[in-house]
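K.L.:
compute the structure for the input listed below.
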Amino acid sequence: MPVPVAYEPRIPTPWPMPHLEHRTAAIRALGWSQADAEWLALVCLHSGVFTRQQYRAWYHRDKHAASRFVKRLQTAGVAREHPLPQRTTPERFCHVFGRSLYRALGNENAYQRRLGSAELLWRRLLTLDCLLEYPDGEWLATSPEKAQYFLDRGYDDEDLPQRFRGNHVFRHAALNPIVASEDRIAFLFPDPGHGTNRALRYWASDHRLLWLLLREDGVEVEVIVSVRDNVAKDLYEKTLYGWTPAAFALNENERSFLQAIQEARRDPDPDDLEKWLGLEEANRIESWLLARRDGSVARIDRYTIHVADRLEDFRFDGALIA
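P.N.:
Just a heads-up that it's a prediction; the model follows:
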């Protein structure tokens, strides 16, 4: 059964997300309206790209309003529209690259200013879509902000996800957008549609140490996976459930088994302990069952799978955008 979600979605409304309230003023100072500044801050910080449908869904506006907004961006020279790759229909996405916008947000050299593969494009669009679904969370945006958050909580730099390429270490490379509170932290994984959970497992492996430390400190760990369709949702359901305490709950026979071991150990009798192949083996079995019962063998506490209904599905085939 699915684990209850930690952050409940709500109907989008056109007011600023909490983590954007102190950032939009810098965009407004460049001459943009309040609504435009809020959207641009959101896109520049988290994705660099958006579709007209995402804009329309958030502001409850028609296609003409979306068209006018994109035209304003293009006229200002800060964005450009591109066709979605490998589509026979004319769907497009908008890439916001204007240096002035990113400079105003203190992130002039952000990777979002550059386009990459189709896979990267869809990871970005799915990230944005998930933020639109959970707008009330205190999302951490930039890589330094995410890393500093954990350092301020007392974790070491080595505790954070890092990736190795040759002799180079890319610290915090696996830190996707994160929504955090004092006792619960959710990590976002956007799936571009490869049809396999292999990338999720690699990503989780990068986070294994951090998740362990958080859970030992009494912080609930949630994973939010953002996908394009229900086929992908079904793919991830079983995997994510298998990482939660519910998947390791003891059944009736195992609970009786644990009770019998504990009774035998309270008043050790060689004959009774022989049932468990001796004291050492009894200790090993008891430790394993206790770890399962207490949830310490689980990787996460809960999960949510977000299906990006604002994005029409297409099959990723690795084609380059630019």
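K.L.:
what ranges does the stretch 201-322 of the chain have for its strands?
P.N.:
For the stretch 201-322 of the chain, applying DSSP state E, counting those that start in this stretch gives strands covering 220-227, 302-307.
K.L.:
over to the stretch 51-200 of the chain?
P.N.:
79-83, 92-96, 139-140, 162-165, 168-171, 178-180, 184-190.
K.L.:
who does Gln162 form a beta bridge with?
P.N.:
Arg171 (DSSP bridges).
K.L.:
tell me the buried residues in stretch 60-80?
P.N.:
For stretch 60-80, a neighbour-count test (16 or more other Cβ atoms under 10 Å) marks 61, 66, 69-70, 73, 78-79 as buried. Just so you know, the C-beta spots here come from the backbone N, C-alpha and C atoms, and that holds for glycine as well.
K.L.:
look up how far Asn197 lies from Ala204.
P.N.:
Distance of Ala204 to Asn197, computed by Cβ to Cβ, to the nearest Å: 10 Å.
K.L.:
oh, I was asking about Glu182
P.N.:
Remark: distance between Glu182 and Asn197 (Cβ to Cβ) = 31 Å.
K.L.:
any regions of the stretch 51-200 of the chain where pLDDT drops low?
P.N.:
Scanning the stretch 51-200 of the chain for pLDDT under 70 picks out 86-89, 163-175.
K.L.:
what's the neighbour count on Tyr241?
P.N.:
When counting by other Cβ atoms under 10 Å, one arrives at 15 neighbours for Tyr241.
K.L.:
typed the wrong thing, it's Glu220
P.N.:
Using other Cβ under 10 Å, the number of residues around Glu220 comes to 15.
K.L.:
bridging residues for it?
P.N.:
Bridge pairing for Glu220 - DSSP bridges - gives Arg184.
K.L.:
quick one: the helices in the stretch 51-200 of the chain, in order.
P.N.:
Ranges of helices within the stretch 51-200 of the chain are 52-59, 63-75, 99-104, 118-133, 143-152, 198-216, based on DSSP state H, counting those that start in this stretch.
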